[in-house]
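[1] No sequence on hand, only this structure:
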């Protein structure tokens, strides 16, 4: 029971992010994810094209 009380106490000490900070962080994550998706898709296509050219 002491553990549960200490967990609740610690949760009250946490500084939770604001809605604005959550939106900012979420948009950063989504933007970076899309950037890396495009980057790796282009890299994959280039490697695939080079390998096909090399094999021929």
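    Arrived safely. In this text the structure is predicted, and so the values were computed from the model without any measurement.
[2] lowest confidence element among the helices and strands of the protein?
    Between all helices and strands in the chain, the lowest mean by mean pLDDT, DSSP states H and E belongs to helix 2-13, at a mean of 94.
[3] right, and the helix or strand after it?
    On the C-terminal side of helix 2-13, the closest following helix or strand by DSSP states H and E is helix 19-55.
[4] re the thing from before, quick one: the least confident helix or strand of the chain to chain centroid distance?
    Put simply, helix 2-13 sits 29 Å off its chain's centre (CA atoms, centre = their mean, to the nearest Å).
[5] which strands and helices sit next to it?
    Counting contacts by 3 or more CB pairs under 8 Å, 6 or more residues apart in numbering; DSSP states H and E, helix 2-13 packs against no other helix or strand. Using the backbone N, CA and C atoms, a C-beta is placed for each residue, glycine as well.
[6] So what's the gap between stretch 31-39 and the chain middle?
    That offset, for stretch 31-39, works out to 10 Å (CA atoms, centre = their mean).
[7] From the centre of this protein outward, give me the first residue you hit.
    Nearest residue to the geometric centre of the chain (CA atoms, centre = their mean): residue 29, 4.6 Å.
[8] For that one, give its distance to residue 35.
    11 Å (CB to CB, to the nearest Å).
[9] Next: residue 10.
    36 Å.
[10] for residue 52, same thing?
    26 Å.
[11] same question, residue 4
    43 Å.
[12] now do residue 48
    From residue 48 to residue 35 the distance is 20 Å (CB to CB).
[13] just residue 20 next, same as before
    23 Å.
[14] before we move on, what about residue 27?
    12 Å.
[15] try residue 25
    Counting by CB to CB, the gap from residue 25 to residue 35 is 16 Å.
[16] go on, residue 49?
    Residue 49 is 21 Å from residue 35, by CB to CB.
[17] any low-confidence regions in this protein?
    The model of the chain has no residue with pLDDT under 70.
[18] I am finished for the moment; much appreciated.
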